[in-house]
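Q: For reference, the sequence and a predicted model appear below.
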Protein chains: 2
Amino acid sequence: MKKVINKVETSWQNVLSENGYRVSGPRRYVMQLLESNAQPMTPLEIYQALSQSGRPLGIVSVYRALELLAELGLVCVVYNPDGSAGYVVGAGGHHHHIVCQNCHQAIAFAGSEDLSSLIQRVEKETKFHVSDHLLQLYGICPDCQKALADAEEEN
Amino acid sequence: MKKVINKVETSWQNVLSENGYRVSGPRRYVMQLLESNAQPMTPLEIYQALSQSGRPLGIVSVYRALELLAELGLVCVVYNPDGSAGYVVGAGGHHHHIVCQNCHQAIAFAGSEDLSSLIQRVEKETKFHVSDHLLQLYGICPDCQKALADAEEEN
DNA sequence: AGCTTAATGAAAAAAGTTATCAATAAGGTC
DNA sequence: GACCTTATTGATAACTTTTTTCATTAAGCT
Ligand SMILES: [Zn+2]
Ligand SMILES: [Zn+2]
Ligand SMILES: [Zn+2]
Ligand SMILES: [Zn+2]
């Protein structure tokens, strides 16, 4: 477990340098793309999007950039409702994501104290010591709620 | 979305037949193996374990069996702490899994009402309509707690 | 500008998953 | 129990995704 420097105020460029990594082209492309996209993207999707927008980089670099950025907490893995996984930019601190089942838009919500009573219950029931958790919510985003309601009206 | 017959009292064999599927060798092997294993297993691990214990079956059948069994709710996908995923037998009804970070043993806990207040908060914050969730807890199981404590003593 | 070395890209290898189709066997009928 | 129908299987191949290798490139420092 490597200690990661990642203060809330610092930019992702600083997080990279302060941890001894270079701010290279591929890392910049990937971060900028994810920052501009609310949908979780797979390595292949990222590679294709960047290639099309004139960023010449190998897909291997996408994998490597994502691995590092994830280790530094700059990007997060999000599981789509269908079980496939993608990457989004990571909010700082303890948080989770809510994903739209319709358009796959994912946004973060703060997670402080979110599960303390549940965890207490489960620890008592199972005798496990709980130290971490994976949580995601699935639903319909405001935009899709509107779009779906409009579509309904037309029938 | 196909309607699945899966009453709590009925055995997995009945779930298969009542939904029009046959109780075939591979499906039996996979279910029996997962029932005897608390650790989530990948398709490859399942294939290797069954082959070694003298069950001649193709890995393709493992994939197909898992796909069907998951659709019927007889097995569940569990994400290991390292992000890899495996299958375990599925408990009935609304539940989640807690996974040991040391031995990967996974056991289910009931999930009724587990997140209602959190979900209310997030719906208000994000304006999403929440309809589903993914939740897993990570920790140390009773066995590993004991083993780790014993190892500690020896120092 | 020049140096050092982390980081990249291309290609190949490895790993994981899906599609195809003839052969097999599960479950029902007589 | 033998027979029939057809869902299911296994072997192969195709395909997709991820990792490894290593010579080349470029980020950051002096
Ligand atoms: Zn949406
Ligand atoms: Zn949380
Ligand atoms: Zn354990
Ligand atoms: Zn739940």
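A: Great, that's in hand. Ligands and ions are numbered 1, 2, ... in the order given.

Q: Below-threshold pLDDT in chain A: ranges please.
A: A:1-9 (pLDDT under 70).

Q: Please identify the nearest residue in space to residue A:43, excluding sequence neighbours.
A: Nearest residue to residue A:43, sequence neighbours excluded (C-beta to C-beta, 6 or more residues apart in numbering or on different chains): residue A:62, at 4.9 Å. (C-beta placed from N, C-alpha, C; glycine too.)

Q: Tell me, how many residues neighbour the closest residue in space to residue A:44 that isn't next to it in sequence?
A: With C-beta to C-beta, 6+ apart as the criterion, residue A:44 has its nearest non-adjacent residue at 7.0 Å, and that residue is residue A:59. For residue A:59, the tally of surrounding residues (other C-beta atoms under 10 Å in any protein chain shown) stands at 14.

Q: Please report how far residue A:59 lies from residue A:26.
A: As judged by C-beta to C-beta, to the nearest Å, residue A:59 and residue A:26 stand 10 Å apart.

Q: which residues do those two both contact?
A: Residues touching both residue A:59 and residue A:26 by C-beta atoms under 8 Å, 6 or more residues apart in numbering or on different chains: none at all.

Q: which residue ranges form the strands in chain A?
A: Ranges of strands within chain A are A:75-79, A:85-89, A:95-100, A:106-110, A:129-140, based on DSSP state E.

Q: thinking again about what came up before, residues contacting the residue nearest to residue A:44?
A: Per C-beta under 8 Å, 6+ apart, neighbours of residue A:59: A:43, A:44, A:47.

Q: do residue A:150 as well
A: Counted by C-beta under 8 Å, 6+ apart, residue A:150 has zero contacts.

Q: can you tell me how far it sits from residue A:144?
A: Taking C-beta to C-beta, one finds residue A:150 at 10 Å from residue A:144.

Q: Count the neighbours of the residue nearest to residue A:43 for me.
A: Other residues close to residue A:62 by other C-beta under 10 Å number 27.

Q: What of residue A:54?
A: 6.

Q: Those residues of chain A touching ligand 2, which are they?
A: Residues of chain A lying close to ligand 2 by C-beta under 5 Å from the ion are A:111, A:114.

Q: If we use 8 Å, what do you get?
A: Residues of chain A lying close to ligand 2 (C-beta under 8 Å from the ion) are A:94, A:95, A:96, A:111, A:112, A:114, A:115, A:133, A:135.

Q: out of the residues you listed, which touch chain B?
A: Contacts with chain B within the residues of chain A next to ligand 2, counted by C-beta under 8 Å from any C-beta of the partner chain: A:114, A:115, A:133, A:135.

Q: Residue B:134 is in contact with the last one, correct?
A: Yes. The criterion here is C-beta atoms under 8 Å, and residue A:135 meets it with residue B:134 at 7.0 Å.

Q: who in chain A is up against DNA strand D?
A: Counting by C-beta under 7 Å from any atom of the strand, chain A comes close to DNA strand D at A:16-17, A:22-25, A:42-44, A:59-60, A:63, A:67.

Q: Out of these, the closest to ligand 1 would be?
A: Set against ligand 1, the nearest of those by C-beta to the ion is residue A:42 (18.3 Å).

Q: now the nearest residue to residue A:69 once chain neighbours are set aside, which residues is it bridged with?
A: Leaving aside its sequence neighbours, residue A:69 sits nearest to residue A:75 (C-beta to C-beta, 6+ apart; 4.4 Å). Residues in a beta bridge with residue A:75, per DSSP bridges, are residue A:89.

Q: how close does residue A:99 sit to residue B:41?
A: On the measure of C-beta to C-beta, residue A:99 and residue B:41 end up 27 Å apart.

Q: got the residues of chain A near chain B?
A: So far as C-beta under 8 Å from any C-beta goes, chain A lies against chain B at A:77, A:79, A:81, A:83, A:98, A:100-101, A:107, A:109, A:114-115, A:118-119, A:122-123, A:125-142, A:145.

Q: Which among those count as buried?
A: A:77, A:79, A:81, A:98, A:100-101, A:107, A:109, A:114-115, A:118-119, A:122-123, A:126, A:128-130, A:133-141, A:145 (16 or more other C-beta atoms under 10 Å in any protein chain shown).
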